[in-house]
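Peer 1: Sequence and predicted structure below; questions after.
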Amino acid sequence: MTTTPVRTENTERTDLYPTRGPREVITPRQDPVVWSAPGDAGPVSPADLRGLERDGFLTVDELIGPDEVALYRAELDRLISDPKLRADERSVIEPKSQDVRSVFEVHRISELFAGLVRDERVAGRARQILGSEVYVHQSRINVKPGFGASGFYWHSDFETWHAEDGLPRMRTVSVSIALTENYDTNGGLMIMPGSHRSFLGCAGETPRDNYKRSLKMQDAGTPSHGALTRMADRHGIRLFTGRAGSATWFDCNCMHGSGDNITPYPRSNVFIVFNSVENAAVEPFAAPSPRPEFIGARDFTPVR
């Protein structure tokens, strides 16, 4: 097992997933994908859990119904139209169009989205996958309006959450719930199936306050073209489409990204990251200081 000692002010700790060093390093995954015991009750079927273990993701065709989609879409529209929220640091603005790209910490801003986080269809699946109580490490709405909204470059979320937020282990799962139709043309989510089984430690140091740039265009923590080509050749690429209300659950270490949306059709979703309460964030493993609370939570209160 590859480990690296990391020094803090008074202690030394073991880093199971070294990254942001002088060169790219591949480390075999040291953690389970599904943490619950076989046969544990929960809303995810055994077959879907096996698929998540194998591929790193699972899809739900209708996690929420059409009436609920309409409510959440209206709430999304209300939030991105609020001038006070637009000026808040939790809102990320598209550099070219000046449209709102993302709004973070929506479960604290909106009672409606807070209720979605607590919904057993959502939190119950996260508890079952992670085998413990969970808290929200991050939540946001992503808005990809038509005619030029930019995409998200290839990355592993865990690489950033480990390096910059201090999550020690791969005991974190995300859900992307579609609030608009996901076509094969409007900048949908792409994942390399099976890529979650190896950790790609990226080259290069983390700049101070890197989040201010990375939320608009990721640079630090991105794999090389050569590494991405080898991973794509090995694993392939899956593009996710589906109706509004569908959802994709995916492991924190999946290599994923999305393209620009140059169609007339928007692509919006709510994105929730659940972390195990037994995997609480510590000091960052490869950054000068933790990112702000609204991006990487330091409140580990379980979702109830």
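Peer 2: Ah, there it is. Numbering: from 1, shown residues only.

Peer 1: Give the buried residues for stretch 89-98.
Peer 2: Neighbour counts using 16 or more other CB atoms under 10 Å place 90-92, 94 of stretch 89-98 among the buried residues. From N, CA and C alone the C-beta is placed, and that goes for glycine too.

Peer 1: actually stretch 232-252, not the one I wrote
Peer 2: For stretch 232-252, burial by neighbour count (16+ other CB under 10 Å) applies to 235, 238, 240, 242, 244-252.

Peer 1: what do you get for stretch 189-202?
Peer 2: 189-196, 198-202.

Peer 1: Output the buried residues of stretch 232-252 in CSV; the columns should cover pLDDT and distance to Y135.
Peer 2: Shown next, in CSV, are these (pLDDT from 0 to 100; distance: CB to CB, whole Å):
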residue, pLDDT, distance to Y135
H235, 98, 30
R238, 97, 29
F240, 96, 26
G242, 94, 27
A244, 97, 27
G245, 98, 25
S246, 98, 25
A247, 98, 20
T248, 98, 21
W249, 98, 17
F250, 98, 18
D251, 98, 18
C252, 98, 14
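
Peer 1: Considering those residues, which is situated nearest to S45?
Peer 2: Within the buried residues of stretch 232-252, distances to S45 taken as CB to CB reach their minimum at W249, with 12.5 Å.

Peer 1: so the closest one makes contact with L58?
Peer 2: Yes: between W249 and L58 there is a contact under CB atoms under 8 Å: 5.0 Å.

Peer 1: anything in contact with each of those two?
Peer 2: L52 (CB atoms under 8 Å, 6 or more residues apart in numbering).

Peer 1: Could you pull up phi and psi at the nearest residue to V60 once chain neighbours are set aside?
Peer 2: Leaving aside its chain neighbours, V60 sits nearest to A247 (4.5 Å; criterion: CB to CB, 6 or more residues apart in numbering). For A247, the backbone dihedrals (degrees, to the nearest 10) come out as phi -140, psi 150.

Peer 1: again with F147
Peer 2: For F147, the backbone dihedrals (degrees, to the nearest 10) come out as phi 60, psi 50.

Peer 1: just to revisit the earlier point, which of the buried residues of stretch 232-252 fall in strands?
Peer 2: 238, 247-251 (DSSP state E).

Peer 1: Flag the shaky bits of the stretch 101-250 of the chain, pLDDT-wise.
Peer 2: Judged by pLDDT under 70, the stretch 101-250 of the chain has its weakly predicted residues at 212-219.

Peer 1: now the helices for the stretch 1-150 of the chain?
Peer 2: For the stretch 1-150 of the chain, the helices defined by DSSP state H, counting those that start in this stretch cover 46-55, 66-81, 83-87, 106-109, 111-118, 120-130.
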